[in-house]
Structures are given as structure tokens and as C-alpha cells.
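Trainee: Next one to model:
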Amino acid sequence: MRFLPGSALLLTLLAVGCRSDTTTAAATTAAPAGLEAAAATATAKSPEAVLFFGDSITAGLGVEPEEAYPALIGGKIDSLKLPYVAVNAGLSGETSAGGRARLRWVLSRQPVAVFVLELGGNDGLRGLPLADTRANLQAIIDTVRQQAPRAKIVLAGMQIPPNMGQAYTAEFKNLYPELAARNRLTLIPFLLENVGGIARLNQPDGIHPTPEGHRLVARTVWRTLKPVINHQ
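Mentor: So this is what the prediction gives:
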């Protein structure tokens, strides 16, 4: 397989946050493990990447690299003999601001055909100003279009529990379809559909999917991603 490593949720999401909230600032700007090797292989073979750019959900915190949903998507791509390689550029603890800071480096590592943006969840769990989250995600979208103009962008929607108040929760949920509509992006309405809030599909922290949960996330992502890839 050519994978290259790299309704609300449970109320415990807010209390626990992303398990990697203790990650240092230096770590959140570092390259995801394996991304350098992924880039070297991609450059040598020159395939275009389906690039998954996100936080610990994408990085596959708590599961084996091959069990995370980007690897499972990579397997689907291979099974269909499509000329792309799946690259996992997820980084545990990442916020939208952290993603914005490291984006240009990530985009410089390989040609990108499809860019899957999965960020903002940590912003919401920490109660960060949503105006900043919106601005950071917009800047990421703009940078992808400048640096990889041929890439199709898929935006993964997220939801948070109501602990920050109904207004904040609703604004957070609506942020994703609003950005998708404004920028004409393909939207995955809720990345953790049929997974978030279901204990048996999540690790003990209540946040990160189990291997079974990741299989369901991959199914949700593939439902939206497959037509995008086929029309590249």
C-alpha cells in the first residue's frame, strides 16, 4: 500500500481537550513524524498527493499509523489503482493558528492534487475566538490556492459540546459550511459522523477514535472524497 505516514461530542471533550494539549509550542510547529520520509519518496516517484492536513484525529493519536483514517483512504486509492499517494500531515495538538504557521513547509514537500483540511477542533475545545479560527482557516485555504493552484480542497466539518454556550457552539458548527460556501469547497459536514459521542468507537479520553472508529471515519471521508479524486 502506498500510504505515506506522517449531535455533539461527549461533554468530556471539553474537560479533556485534545490529549496533546500539553504539547509544547515547539512541537506543534515541528514536522509530523514520517513526513520527511514521505516527502522524499513522493518526490522520487513524483505522484500527486492526497494530503490530509489536520490535528490528532488525522494524525491517528492512540492507534497504529496504518489504522488511522488517512492510511485507510490510502488503501482505497491503491485498490482502485489511482495515480495518487495518501500523505498524513496531521499533527497532534494542532490549532488553526499552528496549521497556518506550518502550511507552506508542508506544501513544499510534494505536489498536491487534493488537500483535506481538518482543523479547528482544538480551537473550539479551548474556547478560542472564532473570528481568529475563521481567519486562520481562510488563510490556509488562500495559501493552498496560491501555492498549489491545481489542488482541490476538501473541508472537514467539526462540532463541539455546548459547554462554551449555545451561541459559541452554533457559530462553531456553522463556521465550516460558511467557509465551504464562500470558497466553493467540497464539505464533509461532520468528520466524526456516527463516531463522536459513541463510547465503544472512541478511546478512553472520549475524543480520539479507536481503530473501528477510524474505519467509520474513513467511510465518511471516502464518500465525499472519491468523486473529487475521480474528477481530478
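Trainee: which residues of the protein fall in strands?
Mentor: 48-54, 84-88, 112-118, 152-156, 186-188 (DSSP state E).
Trainee: okay, the ones you listed in JSON lines with distance to Asp132, mean neighbour count and mean pLDDT next?
Mentor: (Glycine included, C-beta is placed from N, CA and C.) Shown next, in JSON lines, are those (distance: least, C-beta to C-beta, whole Å; neighbours: other C-beta atoms under 10 Å; pLDDT from 0 to 100):
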{"stretch": "strand 48-54", "distance to Asp132": "18", "mean neighbour count": "27", "mean pLDDT": "97"}
{"stretch": "strand 84-88", "distance to Asp132": "26", "mean neighbour count": "27", "mean pLDDT": "98"}
{"stretch": "strand 112-118", "distance to Asp132": "16", "mean neighbour count": "25", "mean pLDDT": "98"}
{"stretch": "strand 152-156", "distance to Asp132": "17", "mean neighbour count": "23", "mean pLDDT": "98"}
{"stretch": "strand 186-188", "distance to Asp132": "21", "mean neighbour count": "18", "mean pLDDT": "98"}
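Trainee: Make TSV from those and add distance to Arg223 to it.
Mentor: Below are the strands of the chain laid out as TSV (distance: least, C-beta to C-beta, whole Å):
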stretch	distance to Arg223
strand 48-54	15
strand 84-88	16
strand 112-118	13
strand 152-156	11
strand 186-188	8
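Trainee: Nearest to Ala180, out of those strands?
Mentor: strand 186-188 (3.9 Å; C-beta to C-beta).
Trainee: if we can go back for a sec, nearest to Ala101, out of the strands of the chain?
Mentor: In terms of C-beta to C-beta, the element of the strands of the chain nearest to Ala101 is strand 48-54, at 12.4 Å.
Trainee: got the angle for that closest one vs strand 152-156?
Mentor: Regarding strand 48-54 and strand 152-156, their directions subtend 30 degrees when assessed with axes from the mean of the first three to the mean of the last three C-alpha atoms, to 10 degrees.
Trainee: Strand 48-54 pairs with which strands, and in what direction?
Mentor: Note on strand 48-54: by DSSP bridges, its sheet partners are strand 84-88 (parallel), strand 112-118 (parallel).
Trainee: Would you format those strands as a markdown table with distance to Ile160 included?
Mentor: Below are the strands paired with strand 48-54 laid out as a markdown table (distance: least, C-beta to C-beta, whole Å):
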| stretch | distance to Ile160 |
| --- | --- |
| strand 84-88 | 23 |
| strand 112-118 | 14 |
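Trainee: Tell me which of these approaches Ala151 most closely.
Mentor: Proximity to Ala151 (C-beta to C-beta) singles out strand 112-118 among the strands paired with strand 48-54, at 4.5 Å.
Trainee: Do you have the helices of the chain handy? List them.
Mentor: Taking DSSP state H as the test, the helices found in the chain are 12-16, 25-28, 35-45, 56-59, 69-79, 96-107, 121-126, 130-147, 166-183, 211-230.
Trainee: rewinding a little: of all the strands paired with strand 48-54, which lies closest to Val217?
Mentor: Nearest to Val217 among the strands paired with strand 48-54 is strand 112-118; the distance by C-beta to C-beta comes to 9.9 Å.
Trainee: Give me the residues contacting that closest one.
Mentor: Outside strand 112-118, the residues that touch it by C-beta atoms under 8 Å, 6 or more residues apart in numbering are 48-55, 57-58, 84, 90, 137, 140-141, 144, 148, 150-156, 158, 191, 221, 225, 228-229, 232.
Trainee: Who are the contact partners of Thr58?
Mentor: 52, 68-70, 88-90, 116, 118.
Trainee: neighbours around the residue lying closest to it once chain neighbours are set aside, how many?
Mentor: Leaving aside its chain neighbours, Thr58 sits nearest to Gly90 (3.1 Å; criterion: C-beta to C-beta, 6 or more residues apart in numbering). Neighbour count of Gly90, defined by other C-beta atoms under 10 Å: 27.
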